[in-house]
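Enquirer: predicted structure and sequence below. I'll ask about it afterward.
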Amino acid sequence: MNIMKINLLKNLKFHQFSSRLYGSQNGTPSLIKVYEENLVKTVVLSSPKTRNALSLTMLEELKDNILKYNSNLRCIILKAEGSVFSSGHNLKELTGETGQVYHNKVFESCAELMIGFTKLPFPVLAQVNGVAAAAGCQLVASCDIVIASDKSSFMTPGANFGIFCSTPGIPLVRNVPMKVAADMLLTGLPISASEAFNAGLISAVVPESELEKETKKRIEAICNKSRSVIAVGKELGGQVMVKNINMKDGQEGIRSFIEKKKPVWSHENE
């Protein structure tokens, strides 16, 4: 059996296991698909019929697959099926019938997921090929790197439905200038991928045909770096820089630069 077939079987078994594990007790299939290969995990929002709405079930599945991780993982990629990356919260879950206690659970789960991104020791990269709205836009803004196709758009239209996008607005204003954020939040109008790039919401915008290639380019660049140094980089700060310099890989990088040779990162010897 060749290597390609072995990898295919591994991915198939992993996906089948994921569906069994994260499907509900009544046999409802999982709302996401999960693949892991070469220490890179791909998480796909797989509910196009709901426009990949971030229901409580989907949020819990995302938390289980992103915030619980293999310590050797190098990167997580977020993708989506269909023409909508995510339409945000499922408004059917936010009616008066579901009640305030349930509403609190939805927003607490969402906040835990988004804030959790910042605590991961590796990057979370979003590959966007469609509309990211409301909490879907919040999901994008919470990622470390975002590669979007030129057909993508971003919006916070909550005010159109009587629900101001307060929580999506928090990571939004941390990414884009205040005037851009105010325009998006107060008008609900979408911005194009090129406008999102110019505002700093996304890292790169490419033609749809180049999306996979551009994403792969970023993943390969991340995987070629020291895992421990990337983990330190997620922390940031002056004291962290001192810590980084005095780490084994920090000194290896400095010596390699001075001696003009390729560095050998510590994880490569594991």
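Expert: Structure's in. What do you need? In this text, all values refer to a predicted model and were calculated from it rather than measured experimentally. Residues are numbered from 1 along each chain as shown.
Enquirer: now the strands: where do they sit in the stretch 51-200 of the chain?
Expert: Here the stretch 51-200 of the chain has its strands, by DSSP state E, counting those that start in this stretch, at 75-80, 84-86, 124-128, 131-133, 145-149, 153-155, 191-192.
Enquirer: any idea how far residue 57 is from residue 168?
Expert: Going from residue 168 to residue 57 by Cβ to Cβ, to the nearest Å gives 20 Å. All C-beta spots, glycine's among them, are computed from the backbone N, C-alpha and C.
Enquirer: if you count surrounding residues, which of these two has more?
Expert: Ranked by neighbour count (other Cβ atoms under 10 Å), residue 168 and residue 57 place residue 168 first, with 31 against 20.
Enquirer: ok, the more buried one - contacts?
Expert: If you count contacts by Cβ atoms under 8 Å, 6 or more residues apart in numbering, residue 168 has them with 88, 134, 135, 137, 138, 141, 156, 158.
Enquirer: helices or strands up against the helix or strand harbouring residue 230?
Expert: Counting by DSSP states H and E, the element that carries residue 230 is helix 227-233. Using 3 or more Cβ pairs under 8 Å, 6 or more residues apart in numbering; DSSP states H and E, the elements in contact with helix 227-233 are helix 238-245, helix 248-259.
Enquirer: show me what the nearest residue to residue 197 once chain neighbours are set aside is bridged to.
Expert: Nearest residue to residue 197 in three dimensions, chain neighbours excluded: residue 205, at 4.6 Å (Cβ to Cβ, 6 or more residues apart in numbering). For residue 205, the beta-bridge partners under DSSP bridges are residue 148.
Enquirer: low-confidence ranges, this structure, go.
Expert: 1-27, 236-247, 250, 253-254, 257-258, 268-270 (pLDDT under 70).
Enquirer: which residues of it fall in helices?
Expert: For the chain, the helices defined by DSSP state H occupy 3-22, 56-66, 100-119, 135-142, 166-175, 178-187, 193-199, 211-223, 227-233, 238-245, 248-259.
Enquirer: buried residues in the fifth one, which are they?
Expert: This means helix 166-175. By neighbour count on 16 or more other Cβ atoms under 10 Å, the buried set for helix 166-175 is 167, 168, 169, 170, 171, 172, 173, 175.
Enquirer: ok so, going back, out of the helices of the chain, nearest to residue 80?
Expert: Residue 80 sits nearest to helix 135-142 of all the helices of the chain, at 8.6 Å, using Cβ to Cβ.
Enquirer: what about residue 104, neighbour count?
Expert: Neighbours of residue 104 under the rule other Cβ under 10 Å: 10.
Enquirer: then residue 75?
Expert: Using other Cβ under 10 Å, residue 75 has 23 neighbouring residues.
Enquirer: who are the contact partners of it?
Expert: By Cβ under 8 Å, 6+ apart, residue 75 lies in contact with 39, 40, 41, 122, 123, 124, 125, 219, 222, 223.
Enquirer: do residue 48 as well
Expert: Shown in contact with residue 48 (Cβ under 8 Å, 6+ apart): 80, 81, 82, 83, 84.
Enquirer: rerun that using 6 Å as the cut-off
Expert: 81, 82 (Cβ atoms under 6 Å, 6 or more residues apart in numbering).
Enquirer: show me the domain layout of this structure.
Expert: 32-224, 227-259 (the TED database).
Enquirer: most tightly surrounded among those?
Expert: Ranked by mean neighbour count under mean count of other Cβ atoms under 10 Å, the domains of the chain are led by domain 32-224, which reaches a mean of 19.
Enquirer: pull the distance from the helix holding residue 230 to the chain's centre.
Expert: Centre-to-centre, helix 227-233 and its host chain are 18 Å apart (Cα atoms, centre = their mean, to the nearest Å).
Enquirer: CSV for the strands of the stretch 51-200 of the chain, including distance to residue 227?
Expert: Putting the strands of the stretch 51-200 of the chain into CSV (distance: least, Cβ to Cβ, whole Å) gives the following:
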stretch, distance to residue 227
strand 75-80, 10
strand 84-86, 28
strand 124-128, 15
strand 131-133, 29
strand 145-149, 16
strand 153-155, 31
strand 191-192, 35
